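Visitor: Test case, fold it:
(2 chains)
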Protein chains: 2
Amino acid sequence: MASPAVDYARSNQSRFLEELKTLLRIPSVSTLEEHKGDVKKAAEYVAADLRRIGMEHVEIIPTKGHPLLYADWLHAPGKPTVLMYAHYDVQPPDPVDEWQTPPFEPTERNGNLYARGAVDDKGQLWMEVKALESLMRGHGGKLPINVKLIFEGEEEVGGESIAVYVRKDKSKLKADFALVCDTELFAPNLPTLCVGLRGLVYTEIEAVGAKTDLHSGMYGGAAPNPLFALIEIISKLKDTKGTILIPGFYKGVKAPSKDELKAWKRLPFNEEHYRKAEVGSKILTGEPGYSVLYRTWARPTLEVHGMPGGFVAPGAKTVIPARASAKVSMRLVPNQDPADILKRYTAFVKKLTPKGIETKIKVWSKGPACVVGTDNKYIKAATEALHDAFKKKTVFIRSGGSIPIVTDFQDVLRIPSVMMGFGLPDDNLHAPNEKFHIPNFYKGIETICLFFEKLA
Amino acid sequence: MASPAVDYARSNQSRFLEELKTLLRIPSVSTLEEHKGDVKKAAEYVAADLRRIGMEHVEIIPTKGHPLLYADWLHAPGKPTVLMYAHYDVQPPDPVDEWQTPPFEPTERNGNLYARGAVDDKGQLWMEVKALESLMRGHGGKLPINVKLIFEGEEEVGGESIAVYVRKDKSKLKADFALVCDTELFAPNLPTLCVGLRGLVYTEIEAVGAKTDLHSGMYGGAAPNPLFALIEIISKLKDTKGTILIPGFYKGVKAPSKDELKAWKRLPFNEEHYRKAEVGSKILTGEPGYSVLYRTWARPTLEVHGMPGGFVAPGAKTVIPARASAKVSMRLVPNQDPADILKRYTAFVKKLTPKGIETKIKVWSKGPACVVGTDNKYIKAATEALHDAFKKKTVFIRSGGSIPIVTDFQDVLRIPSVMMGFGLPDDNLHAPNEKFHIPNFYKGIETICLFFEKLA
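Guide: Residues are numbered from 1 along each chain as shown, chains lettered A, B, ... in the order given. Modelled structure (predicted):
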């Protein structure tokens, strides 16, 4: 169990953390055009470090969107090849007012590092890079297995470029398995592997009524209101219990196995604590008859995220807007085909559109759900590495989020993904005050070192 | 019919127009805190001109909100006293992108003057000021009747300060009648007096779910979504035909008289032309069984104007917002009490609020509807002045908009208002590309001169 890589990692913790802070200061928000340069800057910062530690063929790959980053080290003949994945783009920081410290000024508080991207996913990306450094330095300039690495800058906006690249250059990325660090521990100090993800279809319904904005005094009672039309449409997409009303939406939905459902019941999950401490709402919502874990991991959902249009500044403006839109997404579960769901959704929205209003549907992203088998040697080695690092039995969970690249690795490259993440449930992903628990950053580095050493 | 005031006005048209442009360049948006100084600047510009033309006791009156402007000239013993009203604040210019020329750079095109506030209400305010100048200059430094003048800078945000002032200093504003220039001609070149206005209750429903924004992947299916809750609530406030479903909402609603409804049928109104040229929508909406004029002038309505909250920038953010709100207003008709309506509305919204969501209602403004009698000498003199200026029979209409001050003049000061406006139905009030037809600006000045001369 003695690992020279782990020894090296432990001796360099504070430097690793300072380097991560530098990466977090780059506001690489992939969905905002004005931060395009920052996403590239983040890629360049990571690339420079990969070169420094001895990775080869380090390459920033231009795309139609944000650049990809590739590197490899392939001098371990007869050993397996891993494809390491992470992303250096982040979600927008809005609402900025609700951050206790600025989102792009990483700040340590109570053993946590606060910043946009701290855990999703720059912190976990840096874990991978620092594990490679520790392995290189601990093993005399060599890695115990062959390593390929593909990092992207579009994960938060659908990851189109990496999807194209994976399809275009299958041999370049060919490996035995993938390591994806973009998930979380089920509970503090509980070693966890994620073996299932929900899919996503993210749309914007654009509605148009009159040719121009109108005064609601002069025209109220005669002019169509696209904002009200969207309200009418969306109110009919889902009932008050959370059941989605799109015809055929649940067709073919695959339920988890009895064994998996049983294992979930044994997880240390307290619904009341989750409601109070994590969600912070009066009650939990969702479909009756399903547990919270079932609802968030293995049931499809529909949410509205924002409704641009009309007057949204403080104050009163008596306007009937000419146009408005609604950002509506659906989370999908195994056996739901995103293209089929999108077709059914589009037809239903059209059917619900009131007379006098025109609607168009814009698709921001789409990807299917994915469940990964636990019956191969990479998952087993990961399980053991986690055990060695945490001294506890590993639990297998799913995540309600979406990592479309995991599906691509499986469907296009035909390799399984080991989803090994070190976030915590209260890390505020996609929300103000995102954080990474600093000991988990270090534990992640050590676990990856042990994992790769086990495969040598 | 020879009028020295009208002669003076005709000789000074281009200067009057240039002066109006200067006033329009001041972005006096009363609902936006950052334009507070501009509202005051607009008041000061008008005050300076009133002093110059010979008005007395010109006074900028500070309030809790935006300042009021008072002036008088009371040297016509035995003659009636008019209280002249207009407002120098404007609506926000959003969406700015849709303006052909900048909203605060007045531009002449095809005989129109384009700018925010061109017709609502700075252009009509300036009409009043220039009529006073023309009367003074045409009558050797004297006015034919006594004049008091109260202008405000909060009309677009509910007019609270003038409402307070009217109640506080009734004797100062006491007059025989009011002249309010903030309405429009029913059709180009058709002399029009407005004798009815709808009331308004403008609210914002604020909804709160979880304690913080949440990732829709992780929490979708368990966390309450306040944006979706607002959609559920608002979809139940009004049915698809436009009938408002708040219990007791229509209680006591007073219908127009048979004579009034008959006269409306004789107005030159082409529903198809209105739909195509003015609204520019595929169909007109609203309650079946009522004409368009009835629906927009004498039926109450409910509209949603904007839904702040969540992610509204271009792109995709998978957020379940912690809080969201909806700007919802109701137009009221005679015999609907705003306080009663607000009470019923609040109770109904609370009842419709789903479990797990808290809602609060913020009131941005409220004022009752108002119908003014046509059977007094001021209305008659105004009718004749319009006839002399336009050489056509005056029509009596209502407006779907709200001018709460007209109700205050009636209920507090006990004086009737002559609502004489020179806007056109396609002037884009509250919308991009607001305009004032320049010949109407001149005709308005002349009509006011003739009106006051008739009362001497």
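Visitor: got a list of what A:Gln100 touches?
Guide: By Cβ atoms under 8 Å, 6 or more residues apart in numbering or on different chains, the contact set of A:Gln100 is A:109, A:114, A:433. (Each C-beta comes from the backbone N, C-alpha and C, glycine too.)
Visitor: same check, this time on A:Val292
Guide: A:Val292 makes contacts with A:269, A:271, A:274, A:284, A:286, B:221-222, as judged by Cβ under 8 Å, 6+ apart.
Visitor: Most neighbours among the residues you listed, which one is it?
Guide: B:Ala222 (30 neighbours; other Cβ atoms under 10 Å in any protein chain shown).
Visitor: Local confidence estimate at that one?
Guide: If you check B:Ala222, the pLDDT there is 94.
Visitor: For it, give me its contacts.
Guide: A:274, A:279, A:284-286, A:292, A:295-296.
Visitor: and if you look at A:Glu154?
Guide: Per Cβ under 8 Å, 6+ apart, neighbours of A:Glu154: A:30, A:63, A:65-66, A:87, A:89, A:160-162.
Visitor: can you tell me which of these are in helices?
Guide: Of the positions in the contacts of A:Glu154, A:160-162 sit in helices, assigned by DSSP state H.
Visitor: now, among those, which is nearest to chain B?
Guide: Minimum distance to chain B across these is 11.6 Å, recorded for A:Glu160 (Cβ to the nearest Cβ).
Visitor: Next, count neighbours for that closest one.
Guide: Neighbours around A:Glu160, by other Cβ under 10 Å: 16.
Visitor: Isn't it up against A:Gly65?
Guide: Yes: counting by Cβ atoms under 8 Å, A:Gly65 is a contact partner of A:Glu160 at 6.2 Å.
Visitor: Give me the helices and strands touching the helix or strand where A:Thr447 lies, please.
Guide: A:Thr447 is located in helix A:438-454, with elements delineated by DSSP states H and E. On a contact count with 3 or more Cβ pairs under 8 Å, 6 or more residues apart in numbering or on different chains; DSSP states H and E, helix A:438-454 meets helix A:4-11, helix A:13-24, strand A:112-114, helix A:122-138, helix A:377-390.
Visitor: can you redo the ones you listed as JSON lines with mean pLDDT, mean neighbour count and distance to B:Glu133?
Guide: Listed next are the helices and strands packed on helix A:438-454 as JSON lines, based on pLDDT from 0 to 100; neighbours: other Cβ atoms under 10 Å in any protein chain shown; distance: least, Cβ to Cβ, whole Å:
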{"stretch": "helix A:4-11", "mean pLDDT": "97", "mean neighbour count": "18", "distance to B:Glu133": "84"}
{"stretch": "helix A:13-24", "mean pLDDT": "98", "mean neighbour count": "17", "distance to B:Glu133": "64"}
{"stretch": "strand A:112-114", "mean pLDDT": "98", "mean neighbour count": "22", "distance to B:Glu133": "63"}
{"stretch": "helix A:122-138", "mean pLDDT": "98", "mean neighbour count": "25", "distance to B:Glu133": "67"}
{"stretch": "helix A:377-390", "mean pLDDT": "94", "mean neighbour count": "19", "distance to B:Glu133": "86"}
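Visitor: what's the closest of those to chain B?
Guide: strand A:112-114 (13.3 Å).
Visitor: For the closest one, give me every contacting residue.
Guide: By Cβ under 8 Å, 6+ apart, strand A:112-114 touches A:17, A:20-21, A:24, A:99-101, A:106-108, A:118, A:123, A:433-438, A:441.
Visitor: quick one: strands adjacent to that strand?
Guide: strand A:107-109 (antiparallel), strand A:435-437 (antiparallel) (DSSP bridges).
Visitor: deepest of the ones you listed, which one?
Guide: Most buried of the strands paired with strand A:112-114 by mean neighbour count (mean count of other Cβ atoms under 10 Å in any protein chain shown) is strand A:435-437; its value is a mean of 25.
Visitor: Doesn't A:Ala223 belong to a strand?
Guide: No: under the criterion used here (DSSP: H, G, I helix; E, B strand; the rest coil), A:Ala223 is coil, not part of a strand.
Visitor: residues touching it, list them.
Guide: A:209-210, A:214, A:320, B:279, B:281, B:284-285.
Visitor: what helix or strand is A:Met307 on?
Guide: strand A:301-310.
Visitor: How far does that strand sit from its chain's centre?
Guide: 20 Å (Cα atoms, centre = their mean, to the nearest Å).
Visitor: For it, buried residues please.
Guide: Across strand A:301-310, burial judged by 16 or more other Cβ atoms under 10 Å in any protein chain shown covers A:301-310.
Visitor: Could you restrict the residues you listed to the ones contacting chain B?
Guide: A:301, A:303-310 (Cβ under 8 Å from any Cβ of the partner chain).
Visitor: ok so, going back, reformat the strands paired with strand A:112-114 into JSON lines and put distance to A:Phe422 next to each item.
Guide: Formatted as JSON lines, the strands paired with strand A:112-114 follow (distance: least, Cβ to Cβ, whole Å):
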{"stretch": "strand A:107-109", "distance to A:Phe422": "17"}
{"stretch": "strand A:435-437", "distance to A:Phe422": "8"}
